[in-house]
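Visitor: everything below, folded, please.
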Amino acid sequence: MRRVGRGTAVLLCAGGALALAGCEEKNTYVAPPPPTVTVAPVLQQPVQRYLELTGNTASINTVDLNARVQGFLTDIKYQDGQLVKKGTVLFVIEQDQYKADVAQAQAVLAANQALQVQAEAEYNRQNQLAKQDFASQATLDQARAKRDQAVANVQNAQASLDIAKINLSYTEVAAPFDGVVTAHLQDIGALVGYGSPTKLATIVEVSPIYVWFSLSENQVLNIKDALAKQGRTIRSVTENMTDIPVEIGLQTETGFPHKGKLDYISPQVDPGTGTLTVRAIFDNKDLALLPGLFARVRLPLGPAEPAILVNDNAIGTNQTGAYVLTVGKDNVVSQMQVQMGQLQDKGLRALNGGLNAGEQVVINGLQRAIPGSKVSPQAGTMGQVPAPRAPIAVTVPAPAGTPAPAGQKN
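Guide: Next up, the predicted model:
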């Protein structure tokens, strides 16, 4: 055996002594620091409360364009789906026969007018002779009858001329109002108006445009009670309904970008459906709304009232309902049940109850905030969405035997 040197023995003894001393020390648990969360005081400001409903857009006027006189279709003066102005000629029916009818009626009128002049002169002459006792009363009466008959013939001829002109005007089918014309239903050369009016196309007025929606019986009663507190009735609302704004949004739109006015309230609740029909009107000058679309409707309920607002993403839900996490003066988290109201701008949610002014609500780090535990709060601002964290770069080692990229050493 090899003999251990004196110096080596001394070192071994010293190491052993240190090891024994370390074993004699007691291990104590050090609690981790409280998790960090972001908190912000609730906002308190006036909030306009709304009644949110669903409805449908509808055109103000939809009219079928019919051929009212018989003839062959000679011209179509618009493109299918074109937006046209009132009075624009859209279809033309052959006019030769109707122009000839007008000329004939004018000639008959001129002939009867000439006969009227002759009969009037003859009556005046017989009237003068009768006053001088050179003409009998029978002769004067006969002259008067011929004059009156001539006047009636002129009136009859004038009426025939008017009818001929009306029929001629029917050979041009014009737009009765501004609107969009559908695809034509008859082609050039088709015989139309034979026996009965022939439908040529349909014109739809899209500016302005209606939005129809319904209120349930409970909603009507709630509105009635709210108006009663203000000393008003539903009938008083109908008298000034144009002062009530209405907002709508389509399915693919965010919020309610289209602004209109209340236009009609049905005088009675439909007993079959238990709903009250209401209508609003929108300018739609940019033609963003088309008839027949589904629309989300928002109707204001009285004046704005003070309310508590919090970030909508700070609200959680469980079996008991909606809640928020608050932090007290001792930095202890509490869970507060709240009553959710309507969503506002900037991602804020109005609350109908559950929180008071000055409450500090956790708006970021909700997963780390456990009711009853302490946290380390950091000040934030209600209504501001926290910036997303930068993604963490993760390097995945390449499988063995994979050649390194050019310019990189293994």
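
Visitor: ok, now which ones touch residue 251?
Guide: The contact partners of residue 251, by Cβ atoms under 8 Å, 6 or more residues apart in numbering, come to 294, 296. Quick note: C-beta positions are derived from backbone N, CA and C, even for glycine.

Visitor: are we agreed that it is in a helix?
Guide: No. Counting by DSSP: H, G, I helix; E, B strand; the rest coil, residue 251 is located in no helix; its state is coil.

Visitor: find the nearest non-adjacent residue to residue 109, please.
Guide: Leaving aside its sequence neighbours, residue 109 sits nearest to residue 157 (Cβ to Cβ, 6 or more residues apart in numbering; 3.9 Å).

Visitor: that neighbour contacts residue 114, doesn't it?
Guide: No. Shown here, residue 157 and residue 114 do not form a contact pair, counting by Cβ atoms under 8 Å, at 11.0 Å.

Visitor: now do the same for the closest residue to residue 144 other than its chain neighbours: its pLDDT.
Guide: Leaving aside its sequence neighbours, residue 144 sits nearest to residue 123 (Cβ to Cβ, 6+ apart; 5.6 Å). Here the pLDDT value assigned to residue 123 is 86.

Visitor: so what's residue 123 up against?
Guide: Shown in contact with residue 123 (Cβ under 8 Å, 6+ apart): 140, 143, 144, 146, 147.

Visitor: check which helix or strand the first one maps to.
Guide: It refers to residue 140. Element membership for residue 140, per DSSP states H and E: helix 137-169.

Visitor: beyond that helix, next helix or strand please.
Guide: In N-to-C order, the element after helix 137-169 by DSSP H and E is strand 172-174.

Visitor: give me the pLDDT for residue 9.
Guide: 45.

Visitor: do the same with residue 399
Guide: On pLDDT, residue 399 comes in at 48.

Visitor: those helices in the stretch 101-250 of the chain, which residues are they?
Guide: Ranges of helices within the stretch 101-250 of the chain are 137-169, 217-229, 234-239, based on DSSP state H, counting those that start in this stretch.

Visitor: just those: most buried one?
Guide: helix 137-169 (a mean of 16; mean count of other Cβ atoms under 10 Å).

Visitor: quick one: mean pLDDT over it.
Guide: The average pLDDT within helix 137-169 is 92.

Visitor: over to stretch 98-117?
Guide: pLDDT averaged over stretch 98-117 gives 95.

Visitor: okay, that stretch in CSV with CA atoms only?
Guide: Taking Å, rounded to 0.1, in the frame of the first residue of the first chain, the C-alpha atoms of stretch 98-117 are listed here in CSV:
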residue,chain,number,x,y,z
TYR,A,98,-99.9,56.3,-81.4
LYS,A,99,-98.4,59.3,-83.2
ALA,A,100,-100.9,58.8,-86.0
ASP,A,101,-103.7,58.7,-83.5
VAL,A,102,-102.6,62.0,-82.1
ALA,A,103,-102.4,63.6,-85.6
GLN,A,104,-105.9,62.3,-86.4
ALA,A,105,-107.3,63.6,-83.1
GLN,A,106,-105.7,67.0,-83.8
ALA,A,107,-107.4,67.1,-87.2
VAL,A,108,-110.8,66.2,-85.8
LEU,A,109,-110.4,68.9,-83.2
ALA,A,110,-109.5,71.5,-85.8
ALA,A,111,-112.5,70.5,-87.9
ASN,A,112,-114.9,70.8,-85.0
GLN,A,113,-113.4,74.1,-84.0
ALA,A,114,-114.1,75.5,-87.4
LEU,A,115,-117.7,74.3,-87.2
GLN,A,116,-118.0,75.9,-83.8
VAL,A,117,-116.9,79.2,-85.3
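
Visitor: next, the buried residues of it.
Guide: By 16 or more other Cβ atoms under 10 Å, the buried positions in stretch 98-117 come out as 98, 101, 102, 105, 106, 108, 109, 112, 115, 116.

Visitor: got it, and stretch 349-367?
Guide: Within stretch 349-367, the residues scored as buried using 16+ other Cβ under 10 Å are 349-351, 354-355, 359-366.

Visitor: now the end-to-end length of it.
Guide: In stretch 349-367, first residue to last residue: 20 Å (Cα to Cα, to the nearest Å).

Visitor: tell me the pLDDT of residue 220.
Guide: 88.

Visitor: wait, what's in contact with it?
Guide: By Cβ under 8 Å, 6+ apart, the contact list for residue 220 reads 234, 269, 276.

Visitor: domains of this protein?
Guide: Following automatic domain parsing, one gets these domains for the chain: 38-44+305-379, 50-59+207-300, 95-169.

Visitor: those: which one's closest to residue 76?
Guide: Closest to residue 76 of those is domain 95-169 (Cβ to Cβ; 15.0 Å).

Visitor: endpoints of the closest one, how far apart?
Guide: Using Cα to Cα, the end-to-end distance of domain 95-169 comes out at 9 Å.

Visitor: run the chain-centre distance for that domain.
Guide: 62 Å (Cα atoms, centre = their mean, to the nearest Å).

Visitor: got the angle for the helix or strand harbouring residue 100 vs helix 137-169?
Guide: Assigned by DSSP H and E, residue 100 belongs to helix 96-131. Counting by axes from the mean of the first three to the mean of the last three Cα atoms, to 10 degrees, helix 96-131 lies at 160 degrees to helix 137-169.

Visitor: is it true that residue 326 touches residue 362?
Guide: Yes. Using Cβ under 8 Å, residue 326 is in contact with residue 362, at 7.1 Å.

Visitor: need the overlap of contacts for these two.
Guide: The contact sets of residue 326 and residue 362 overlap at residue 333 (Cβ under 8 Å, 6+ apart).

Visitor: just the element for residue 29, please.
Guide: Judged by DSSP H and E, residue 29 forms part of no helix or strand.

Visitor: returning to what we had before: between the buried residues of stretch 98-117, which is closest to residue 304?
Guide: For those, the residue nearest residue 304 by Cβ to Cβ is residue 98; the value is 63.8 Å.

Visitor: contact partners for the closest one?
Guide: Residue 98 touches 69, 71, 164, 167, 168, 170, 171, counting by Cβ under 8 Å, 6+ apart.

Visitor: wait, which of those is closest to residue 320?
Guide: Nearest to residue 320 among the contacts of residue 98: residue 170, at 72.4 Å, using Cβ to Cβ.

Visitor: the closest one: neighbour count?
Guide: Close neighbours of residue 170, defined as other Cβ atoms under 10 Å, add up to 19.
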